[in-house]
Each structure stands twice: as C-alpha cells, then as structure tokens.
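Novice: quick one: sequence and predicted model below, then my questions.
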Amino acid sequence: MIETWRWFGPNDITTISDVMQTGAQGIVSALHHIPDGLVWTPDEIARRQREIAARADGTPSGLEWLVVESLPVSEDIKQQTGDWRLHIEAYKTSLENLAAAGIETVCYNFMPVIDWTRTDLAWRLPHGGTCMRFDAIDFAAFDVHVLKRHGAREALPEAVACAADERIREMDDTRKSQLAANVMAGLPGAAEALSVDTIHTHLARYGDISADRLRTHLLDFLSEVVPTAARLGIRLCCHPDDPPFPLMGLPRIMSTEEDYRALIEQIDDPANGITLCSGALGARPDNDLPGMMRRLGHRVHFLHLRNVRLEGDTVGSSFHECEHLDGSVDMVALLQAVADEEGRRRAEGRSDASIPMRPDHGQDILDDLTRQAQPGYPLIGRLKGLAELRGVARAVWR
C-alpha cells in the first residue's frame, strides 16, 4: 500500500511538517473552496501542489499530491436539474487539468445533500479521549423535531419514534442547537455551509427522486466522465454512503457490495472504480469488508482504513468510531485481502499494484483534545491508527 494522509490545505491545523513526521508517503487533498460545478483551474491545482511540496520555511517536504478527495459532484448533476450538463463538462475539464498536473486518482461520492453524518463529534470514551458517534435515536429526534421534515415521524418504527420523542424532551435548547450543528457539520473551507433552511431547500428539490432514479443519474454521469478519465489515465473511485443507509428520506445508493458490483459491471472500465472505506461500509452489519476486498478488489483504487463499533445488529443502528484494530471490522483479515490483491496485480504487471490508503479518522487523544482539529481528523489519533495499520501490514506482507 501507499501510505497517504488527508490534508485540508493551508488552514488545516495539521501542517505539512507534521505530516512529514508521520511517515506518510503522499497527500490526499482537494480544493474545497471552489464551488461545486466549477472548473479546477491549472493555477489552483498548481498552488495546492506547491503548498504540499514545501514546509513553512520553504524547504522541500518531499511530499506530493497523490489523490484527490474529493472532486465534488454537484447537486445539479445528482438531480439532473439546472446547469447539470455544464457541470459535467466542467468536471471533465477539471479531470484534464488534474491529469496534466500528474494526478491519477480521483475520489468522489454521490451522496445527496450531506456527505457524512454524525450526531456527536466528540463523544467521551472511557479512556478520556473522544470520537465521533452516530446515535440513531438522536438523529430521529433531529429529523422529526428539529428539522421537522414532513413525514419523518411516520417513516419511523413506532418504538424509535417514541424514543425520539422522549429524547427531545430531555434536551435543552443548547443541546438541540449542538445536535443540529453536528448533523450539518461539513469540511473546513467548504464552499457551502448547511443550515436547516438549506436542507429543506435541497429536500424539496429531490422531491420524487427514488433510489432507482438516482442510480440512473449516477450511471449517466459516469457514462460521460469515465471515457475522459480512461483516456487521461485517471482512476475514478466512488466513496460509499456514510452512514450506508437512507437518511432524511433521501435515497442512498452506494451502501452495499451489490451496489458496487452493479456500478462496476454497468460501466465496465478500469477507470471506473471503488474507494473501499472500511468505516463507512462497516456501519452496516451485513457488509463483509474482507470479502468485498477479495471479490471486488480488482477495481479498488483507494482505501480508507478505519473501524466502527456497531451498537446494534440491524441496518440503521447506532455506532461509534473506535480504534483502528478494535471494532466490528476484522482489519487484519481486510489487510490480508489487500495484500493478496496487490500480489495478484504485481503478477499481472499492473502499474497500480500498490493501492493508496489513508488512515481514516481517528479518536481525539492526548494533545488532540486541545488542538480542535476538524472532527475525525486529529493528528495523534490518526498517527496511532497509521502506526497500528502499518504494523499489521508489515506482518501480513512479510
């Protein structure tokens, strides 16, 4: 594997000098400040490459921008409304510019409205650190009583609806506001900040878009951009839904092995691939991550390695993000499957035999607790995860 590190740009409190000390071999980044649907220009791409290539004192870092995460797919493209065709053309142009800059791996997602969702961004753990958590009852309370989405309560099992009613009665106004902020939290420097009003606007625009129709829109998008990516030598890789089940009445279409199998079979081109996120997919008890790697590994272009602890045995249950080797995902078995896949690729002479991976998320521990990093992206917690993953990988490869 190629060890990489996610870096959000100059405003990230983790510096390039910090990343150098982790031992990571490359950087995963994006131009979050550019609104969805607009072109990533050569100048903006080159600026980010320069920021990665040098430490604050101007000396070389030895690091390169290896993976884009993410080149965003606009809501217009997902809904096929407004300027969606122009946005697809802009996407192709951005791919052209990224390829000209030497970047070959581009991660994206097709999640409606919200890229990822947690109800608690700093859930206290017994050892004193914190982690992110998704509480199914808290989310139901937000959906029904804070967002006040039409039909939300009726869509819930009665026991969950009653529990949500009780939960909201226990919350004061401060806790309700914090819950809403947690659910709507985005990436640092993102071009659009979500609010209850903007979510309602997006929900209205989705209207009668079913899961099947959203899948069709994804395939329409890929039928346009995959030929461009293939010509340029770029590997596109779709990130799964996070969490991998429907929220707020919106369809989720990249949540299971079956979803990914259909994706790569219907657009059958090596440029059309998978971001295998063990934490996102691991939030469903019916997803077998080592098995997915064995069966679909030939199209896995990027790995997000993190772990979750499921708090229930049904789809949609609560979960929290735990240590990388201690959760519901068998990380050792997953890394063995990755090693086997990389061995097959080397035997076939593939140029992408080593798969880029990053230690995804991490618990806030030690000095992380006062650094106030982007939720899920602490320096020490991720470094601990990288060290654990590196140790398992070395043993498995040996």
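Specialist: In hand now; what should we look at? Numbering: from 1, shown residues only.

Novice: export stretch 331-344 to PDB, keeping only CA atoms.
Specialist: What follows is stretch 331-344, C-alpha atoms only, in PDB (Å, rounded to 0.1, in the frame of the first residue of the first chain):
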ATOM      1  CA  MET A 331      -9.000  -5.200  10.000                       C
ATOM      2  CA  VAL A 332      -6.300  -8.000   9.900                       C
ATOM      3  CA  ALA A 333      -8.400 -10.000   7.500                       C
ATOM      4  CA  LEU A 334      -9.100  -7.000   5.400                       C
ATOM      5  CA  LEU A 335      -5.400  -6.200   5.200                       C
ATOM      6  CA  GLN A 336      -4.600  -9.800   4.200                       C
ATOM      7  CA  ALA A 337      -7.100  -9.500   1.400                       C
ATOM      8  CA  VAL A 338      -5.400  -6.200   0.300                       C
ATOM      9  CA  ALA A 339      -2.100  -7.900   0.300                       C
ATOM     10  CA  ASP A 340      -3.400 -10.800  -1.800                       C
ATOM     11  CA  GLU A 341      -4.900  -8.300  -4.300                       C
ATOM     12  CA  GLU A 342      -1.700  -6.400  -4.600                       C
ATOM     13  CA  GLY A 343       0.200  -9.700  -5.100                       C
ATOM     14  CA  ARG A 344      -2.200 -10.500  -8.000                       C
END
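
Novice: now it: buried residues?
Specialist: Neighbour counts over stretch 331-344 (16 or more other CB atoms under 10 Å) mark Met331, Ala333, Leu334, Leu335, Gln336, Ala337, Val338, Ala339, Glu341, Glu342 as buried. In this view, the C-beta of every residue, glycine as well, is placed from N, C-alpha and C.

Novice: equivalent analysis for stretch 353-363, please.
Specialist: Those would be Ile355, Pro356, Met357, Arg358, Pro359, Asp360, His361, Gly362, Gln363, for stretch 353-363 by 16+ other CB under 10 Å.

Novice: residues in contact with the fifth one?
Specialist: Contacts were defined as CB atoms under 8 Å, 6 or more residues apart in numbering; by that measure Pro359 touches Glu3, Trp5, Leu305, Arg306, His324, Arg382, Leu383, Gly385, Leu386, Leu389.

Novice: Throw the buried residues of stretch 331-344 into JSON lines and include distance to Thr93, secondary structure and pLDDT, thanks.
Specialist: Output for the buried residues of stretch 331-344, formatted as JSON lines (distance: CB to CB, whole Å; DSSP: H, G, I helix; E, B strand; the rest coil; pLDDT from 0 to 100):
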{"residue": "Met331", "distance to Thr93": "39", "secondary structure": "helix", "pLDDT": "98"}
{"residue": "Ala333", "distance to Thr93": "41", "secondary structure": "helix", "pLDDT": "98"}
{"residue": "Leu334", "distance to Thr93": "36", "secondary structure": "helix", "pLDDT": "98"}
{"residue": "Leu335", "distance to Thr93": "37", "secondary structure": "helix", "pLDDT": "98"}
{"residue": "Gln336", "distance to Thr93": "40", "secondary structure": "helix", "pLDDT": "98"}
{"residue": "Ala337", "distance to Thr93": "36", "secondary structure": "helix", "pLDDT": "98"}
{"residue": "Val338", "distance to Thr93": "33", "secondary structure": "helix", "pLDDT": "98"}
{"residue": "Ala339", "distance to Thr93": "37", "secondary structure": "helix", "pLDDT": "98"}
{"residue": "Glu341", "distance to Thr93": "33", "secondary structure": "helix", "pLDDT": "98"}
{"residue": "Glu342", "distance to Thr93": "33", "secondary structure": "helix", "pLDDT": "98"}
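
Novice: what does the helix ranked longest in the chain contact?
Specialist: As assigned by DSSP state H, the longest helix anywhere in the chain is helix 211-232. Identification of contacts with helix 211-232 by CB under 8 Å, 6+ apart yields 73, 77-80, 88, 91-92, 95-96, 99, 106, 110, 112, 209, 234-236, 251-253, 262-263, 266-267, 269-272.

Novice: among these, name the buried ones.
Specialist: Buried positions within the contacts of helix 211-232, assessed by neighbour count (16+ other CB under 10 Å), are 73, 77-79, 88, 91-92, 95-96, 99, 106, 110, 112, 209, 234-236, 251-253, 263, 267, 270-272.

Novice: now tabulate the buried residues of stretch 353-363 in CSV and tack on secondary structure, pLDDT and distance to Pro378.
Specialist: What follows is the buried residues of stretch 353-363, written out as CSV (DSSP: H, G, I helix; E, B strand; the rest coil; pLDDT from 0 to 100; distance: CB to CB, whole Å):
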residue, secondary structure, pLDDT, distance to Pro378
Ile355, coil, 98, 24
Pro356, strand, 98, 21
Met357, strand, 98, 18
Arg358, strand, 98, 14
Pro359, strand, 98, 11
Asp360, coil, 97, 12
His361, coil, 96, 9
Gly362, coil, 97, 5
Gln363, coil, 98, 7
